[in-house]
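A.B. asks: sequence? don't have it. structure:
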């Protein structure tokens, strides 16, 4: 066994894990898009009060933030050894997801 093989520095078969991760990001982005669209639908069908319009705008901003992080992450997963998600990206993803859920739920009341 060579030293490169022992250290794991040889060529790596990326396998299916990056592909599964990429698909998971795409599914989550699709879910966030559905939530944002349902929020817009709810705002428009409930009479479009000023509070509903503000919540709808905040949903759109949260969705765009999540979309930006997800797109950047999917692009970076295209290499054989993708870098881990940066802590800032993970925090932004979590904040966008939670805020999207909170703003969409606020539109129901």
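C.D. replies: Sure thing, it's come through. A quick note: this is a predicted structure, and the numbers were derived from the prediction, not measured.
A.B. asks: Check the offset of the longest helix that the chain contains from the chain's centre.
C.D. replies: Secondary structure assigned by DSSP state H gives helix 17-45 as the longest helix of the chain. Helix 17-45 has its average C-alpha position 8 Å from the chain's average C-alpha position, going by Cα atoms, centre = their mean, to the nearest Å.
A.B. asks: who's in contact with residue 56?
C.D. replies: When contacts are counted by Cβ atoms under 8 Å, 6 or more residues apart in numbering, residue 56 touches 39-40, 43, 107. All C-beta spots, glycine's among them, are computed from the backbone N, C-alpha and C.
A.B. asks: Who wins on neighbours among those residues?
C.D. replies: With neighbours taken as other Cβ atoms under 10 Å, the top of those is residue 39, carrying 26 neighbours.
A.B. asks: That one contacts residue 103, correct?
C.D. replies: Yes - here residue 39 reaches residue 103: they are 6.8 Å apart, a contact under Cβ atoms under 8 Å.
A.B. asks: got any residues that touch both of the two?
C.D. replies: Taking Cβ under 8 Å, 6+ apart as the contact definition, residue 39 and residue 103 share the neighbouring residues 55, 59.
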